[in-house]
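> below: sequence and its predicted model.
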There are 2 protein chains.
Amino acid sequence: MRFTSEASSDGFREQLFTLGEIPGVLWTPEGATGTRPLILMGHGGGQHKKAPDILIHARRYVAECGFAVVAVDVPGHGDRPVVEEYDRIATENQARVATGEELAPLIADFQALVARRTVPEWRAVLDAVQRLEHVGPGPVGYWGVSLGCGLGVPFVAAEPRVRAAVLGLGGALASAGDAARIAVPVEFLVQWDDERVPRAEGLALFDALASAEKTLHANPGRHGDVPAFERDSALRFFARHLG
Amino acid sequence: MRFTSEASSDGFREQLFTLGEIPGVLWTPEGATGTRPLILMGHGGGQHKKAPDILIHARRYVAECGFAVVAVDVPGHGDRPVVEEYDRIATENQARVATGEELAPLIADFQALVARRTVPEWRAVLDAVQRLEHVGPGPVGYWGVSLGCGLGVPFVAAEPRVRAAVLGLGGALASAGDAARIAVPVEFLVQWDDERVPRAEGLALFDALASAEKTLHANPGRHGDVPAFERDSALRFFARHLG
């Protein structure tokens, strides 16, 4: 793990790093020492580790809860090189949708392919970040919606350090099997008029989670219209389970 | 409106009253003067105006938000006389369910019948309580699940003073038409394994609400198993919309 830059303002410390070929960012309270809860955040499709929504959440987890937050670029996103195979599949999928094929199963297959790389990458990121003195081996939470859900479900299923997860805007097609191996508390977001994830698919993924405590939050609007009050709710959810 | 008893403890003032034949209870912060938001709470079937869940919510709305809270007994419940017609219908319904009829439509018809009495009663209660100096004509919220939803949906649809409502554990059969006339923010509770309200009926009632801001909270478990953290969420919901 190599730190490449560091900055602090308003009590919010940002450290950019690379772990092998993975570019990442770690946020902690300025001056923090000792072990604390850590949230790993998975960004959405076409976005990156410092996307606005990630950053808004991260600032609050740091400022209001004293947590550490880490995010890394998914392969083919942010500061990472293009992945020829992903681009080829994306182009093929566009053509298939143009001929009338359903979008959801194509997205699901693609996310399952990407997850085969990101699950081991994210586990290695946890290993590295939790060795830092100002993070340490505390409880871990995962936050990710859309692509961050498609990649997050297999990650949370595989990673016993994750004690609570906010997931959503994803369907059961890719990951119902992995969801059935998740037993930690989950807050799950559904957009009631999601143009990318059929409502029944989202409800089916929530249904597939084996967690004794899981809570579905559904709101009107399209895929990108999650209301701002869900940020408050995610913060309280993590504070309740990791704090 | 006639007050029949009054007591205060720990900053929580309780006034029992009757309005015509309706027995009710009003809770306010001890020593409060002037206008404040008011929550009307509708109790569940077989319960009453001071049922434990009502009281737990009311204490928090008063203590943490400074709101007033009012609850009254539904006809045939609490301190009110038996309603022969309701008892006869309940007995008939038990017999019909025993012969294999579905429970949900029978509950829906019964709640629609009771609502014809409770909607005008509750509107009269708002009139009376809002004339009190320590309540006044502030914004009104409604909280009610199960029977409190079946009666609450037509009430909220009919009453323009209600600015926000927590509803749930109810289905679309009785009240989809009324739900389509509700445009205020709603937080709506579904129990994922509800033995009384089929899941699809609960989702359909949420779907039927015309509100631009509505949020569905679904949790695992049976009709009576709503998790305690939903109380926190209801409180924040009312604080956001009425505070």
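Now that the structure is in, tell me what you want to look at.
> buried residues in the helix or strand where residue A:116 lies?
Residue A:116 is part of helix A:103-130 when elements are defined by DSSP states H and E. Using 16 or more other Cβ atoms under 10 Å in any protein chain shown as the test for burial, helix A:103-130 gives A:104, A:106-108, A:110-112, A:114-115, A:117-119, A:121-122, A:125-126, A:128-130. Where C-beta positions appear, they are placed from N, C-alpha and C, glycine not excepted.
> near chain B, which residues of chain A? Just list them.
A:190, A:192, A:203, A:206-207, A:211-220, A:227, A:229, A:232-233, A:236, A:240 (Cβ under 8 Å from any Cβ of the partner chain).
> settle this for me: residue A:180 is touching residue A:207, isn't it.
No. Using Cβ atoms under 8 Å, residue A:180 is not in contact with residue A:207; the gap is 9.9 Å.
> burial count for residue A:70?
26 (other Cβ atoms under 10 Å in any protein chain shown).
> chain A: helices as residue ranges?
A:52-65, A:84-98, A:103-130, A:147-150, A:152-158, A:172-179, A:199-208, A:229-242 (DSSP state H).
> give me the contact list for the first one.
The set of residues that contact helix A:52-65 without belonging to it, under Cβ atoms under 8 Å, 6 or more residues apart in numbering or on different chains, is A:10-12, A:27-29, A:37, A:39, A:41, A:43-44, A:47, A:67-69, A:71, A:143, A:231, A:234-235, A:238-239, A:242-243.
> and the helix or strand of chain A with the lowest mean pLDDT, which residues are buried?
Least confident helix or strand of chain A, by mean pLDDT, DSSP states H and E, is helix A:172-179 with a mean of 84. For helix A:172-179, burial by neighbour count (16+ other Cβ under 10 Å) applies to A:172, A:173, A:174, A:175, A:176, A:178, A:179.
> if I look at residue A:161, how far off is residue B:158?
52 Å (Cβ to Cβ, to the nearest Å).
> give me the distance from stretch A:140-159 to the chain's centre.
5 Å (Cα atoms, centre = their mean, to the nearest Å).
> average pLDDT for it, rounded please.
In this model, stretch A:140-159 has an average pLDDT of 97.
> thought residue A:39 was touching residue A:69?
Yes. Residue A:39 lies in contact with residue A:69 (Cβ under 8 Å); the separation is 4.8 Å.
> what's the closest non-adjacent residue to residue A:117?
Among residues not flanking residue A:117 along the chain, residue A:75 sits closest, at 5.4 Å (Cβ to Cβ, 6 or more residues apart in numbering or on different chains).
> what's the one you found sitting at in phi/psi?
phi -50, psi 140 (degrees, to the nearest 10).
> do the same with residue A:76
Dihedral angles for residue A:76 - degrees, to the nearest 10 - are phi 80, psi 0.
> hmm, it is touching residue A:84, no?
No. Contact criterion Cβ under 8 Å: residue A:76 and residue A:84 do not qualify, at 9.2 Å.
> tell me which of those two has more neighbours.
Just comparing residue A:76 and residue A:84: by other Cβ under 10 Å the higher neighbour count belongs to residue A:76, 18 against 9.
> quick check: the more buried one vs residue B:116, distance?
61 Å.
> ok, now which ones touch residue A:193?
Counting by Cβ under 8 Å, 6+ apart, residue A:193 touches A:220, A:221, A:222.
> so who does the second one touch?
Okay, so that is residue A:221. Here residue A:221 is in contact with A:191, A:192, A:193, A:227 (Cβ under 8 Å, 6+ apart).
> repeat that for residue A:1.
A:17, A:18, A:19, A:128, A:129, A:131.
> quick one: which two of those residues are the most distant?
Taking Cβ to Cβ, the two most distant members of the contacts of residue A:1 are A:18 and A:131; they sit 15.4 Å apart.
> please tell me how far the residue lying farthest from the centre of chain A sits from residue A:45.
Note on chain A: the largest separation between a C-alpha and the mean C-alpha position, by Cα atoms, centre = their mean, falls on residue A:99 (31.4 Å). Relative to residue A:45, residue A:99 is positioned 22 Å away (Cβ to Cβ).
> likewise for residue A:228?
Residue A:228 is 21 Å from residue A:45, by Cβ to Cβ.
> neighbour-wise, which of those two wins?
Comparing residue A:228 with residue A:45 by other Cβ under 10 Å, the one with more neighbours is residue A:45, at 18 against 7.
> contact partners for that one?
Residue A:45 sits in contact with A:146, A:147, where contact means Cβ under 8 Å, 6+ apart.
> what do you get for residue A:128?
A:1, A:19.
> buried subset of the residues of chain A next to chain B?
Here, 16+ other Cβ under 10 Å leaves A:190, A:192, A:203, A:206-207, A:211, A:213-220, A:227, A:229, A:233, A:236 buried among those.
> and residue A:18 and residue A:131? which has more neighbours close in?
Between residue A:18 and residue A:131, counted using other Cβ under 10 Å, residue A:18 has the larger neighbour count: 14 against 11.
> what's the spacing between the more buried one and residue A:70?
13 Å.
> what is in contact with those two at once?
Common neighbours of residue A:18 and residue A:70 (Cβ under 8 Å, 6+ apart) are residue A:24.
> residues contacting the closest residue to residue A:185 other than its chain neighbours?
Leaving aside its chain neighbours, residue A:185 sits nearest to residue A:213 (4.2 Å; criterion: Cβ to Cβ, 6+ apart). Contacts for residue A:213 (Cβ under 8 Å, 6+ apart) come out as A:185, A:186, B:219, B:220, B:227.
> quick one: distance of the helix holding residue A:116 to the chain centre.
Distance, centroid of helix A:103-130 to centroid of chain: 10 Å (Cα atoms, centre = their mean).
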